[in-house]
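Asker: Fold the following for me, if possible:
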Amino acid sequence: MLEDSEVRPSAPGRELASPPQPGRVHPARPGWLIRWAGGQRSWETNFSLLLMALPGILLLFVFAYLPMFGIVIAFKDYRFAEGIWGSAWVGFENFRFLFGTDTAFRITRNTLGMNSIFIVTTTIGALGVAMLMNEVYQSRMSKYYQTMLFFPYFISWVIASYFVFAFLNGQGGLANQLIERLGGEPPSWYRSPQYWPLILTVAHIWNSIGFSSIVYLAGILGISPELFEAAKIDGAGKWQQIRYITLPMLYPLIIILVLLAIGRIFHADFGLFFFVPRDTALLYSTTDVIDTFVYRSLVQLGNISMAAAAGFYQSSVGFVLVITANWIVRRINRDYSLF
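Answerer: Prediction:
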């Protein structure tokens, strides 16, 4: 006689079916959907998360994947009356015209160069601000500091352009008044393209450093306090804690954010490069990027095919860059790569 606590062995080749749990319903689900979700157990665990992600997936599909059919415009002489499929096929003629002038080199150089500067300066600045915020995180003023740093992220570049103009205006600008009081000769900012890489970099840091610092601050707060306590016991100073604990623990987050930024390195911030320099033709040598060129091709020239060719070139090179950067990171440390 077996006791109640003992388990009866099953016959060879026969498995005991687990009794259904009371109050639990197992709805029928398509087999392909369960396999796509990673199996029955993964489906039951992540079903709610999949439902929450469904609206974002649908928006991504509608606004990012369906428009890909419009890539064909880059290879056609598009006419409104004839439509996308009725317009004449010209092959790579739009690309040949685009790269036949110095415009392609100029917009590529400016886009790649300025975004590279933005990635480096924003990463360093955001890390520094996040570490400073971590030191005063328990203070009552920390929320005020975070709000003031995060606020510029929500200000439109249209409004920010008026702030910049108030500083750099040749007639009564604050920067010019300060230079005159110091005995210098104020330059004509909107006629001097050599100053604008620095001006745009400062404007971009002002706008984005708050959001980026909060992301890094969240990563710092996720580090176990026991590591810092052990370092203090061993006599480590603040700089040593940052060098040997904070930065190594943030490496995965830093690399992921940099890889994502590299993926969009050929997509410039249109508002920054268009509104802040006020679309001044004299500044095109340093402020004209792919996005502003596409805009002028559409509005001023009405050349949709040329704009589509520039956009296709922009996306293709960005895709190749993020794949290459991820491959390099994967070769160095597989755990830090995106895929």
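Asker: which residue packs closest to residue 254, ignoring adjacent ones?
Answerer: residue 123 (6.7 Å; CB to CB, 6 or more residues apart in numbering). Every C-beta, even on glycine, is put in place using the N, C-alpha and C of the backbone.
Asker: From residue 209, how far out is that neighbour?
Answerer: 10 Å (CB to CB, to the nearest Å).
Asker: Please say which of these two ends up with more neighbours.
Answerer: Taking neighbours as other CB atoms under 10 Å, residue 123 and residue 209 compare with residue 209 leading, 24 against 17.
Asker: ok, now how distant is that one from residue 254?
Answerer: Counting by CB to CB - residue 209 and residue 254 are separated by 15 Å.
Asker: what's the helix or strand for the residue positioned nearest the centre of the chain?
Answerer: With distances taken as CA atoms, centre = their mean, residue 261 lies nearest the centre of the chain, 4.7 Å away. Using DSSP states H and E, the element containing residue 261 is helix 247-263.
Asker: Ok, residue 311 next?
Answerer: Residue 311 belongs to helix 304-332 when assigned by DSSP H and E.
Asker: What is that helix packed up against?
Answerer: The contact analysis (3 or more CB pairs under 8 Å, 6 or more residues apart in numbering; DSSP states H and E) places helix 304-332 against strand 76-79, helix 93-99, helix 102-135, helix 247-263, helix 290-299.
Asker: So for residue 45, which of those sits nearest?
Answerer: Closest to residue 45 of the helices and strands packed on helix 304-332, according to CB to CB: helix 247-263, at 23.8 Å.
Asker: Show me what the closest one is packed up against.
Answerer: Using 3+ CB pairs under 8 Å, 6+ apart, helix 247-263 sits against helix 102-135, helix 196-221, helix 304-332.
Asker: returning to what we had before: next, the buried residues of the helix holding residue 261.
Answerer: Within helix 247-263, the residues scored as buried using 16 or more other CB atoms under 10 Å are 250, 253-255, 257, 259, 261-263.
Asker: How many residues are close by residue 327?
Answerer: 12.
Asker: just the one 5 residues further on next, same as before
Answerer: Counted by other CB under 10 Å, the residues lying close to residue 332 total 10.
Asker: Contact partners for it?
Answerer: Contact analysis of residue 332 by CB atoms under 8 Å, 6 or more residues apart in numbering lists nothing.
Asker: Can you give me the pLDDT of it?
Answerer: We have a pLDDT of 82 for residue 332.
Asker: can you check residue 302 too?
Answerer: At residue 302, the model reports a pLDDT of 79.
Asker: and it, helix, strand or coil?
Answerer: coil (DSSP: H, G, I helix; E, B strand; the rest coil).
Asker: what residue ranges in this protein score low on pLDDT?
Answerer: Applying pLDDT under 70 to the chain picks out residues 1-44.
Asker: so residue 184 sits in a helix?
Answerer: No: under three-state DSSP, residue 184 falls outside any helix and is assigned coil.
Asker: Need phi/psi at it.
Answerer: Torsion angles at residue 184 (phi, psi; degrees, to the nearest 10) stand at phi -100, psi 170.
Asker: okay, now it: neighbour count?
Answerer: Counted with other CB under 10 Å, the neighbours of residue 184 add up to 10.
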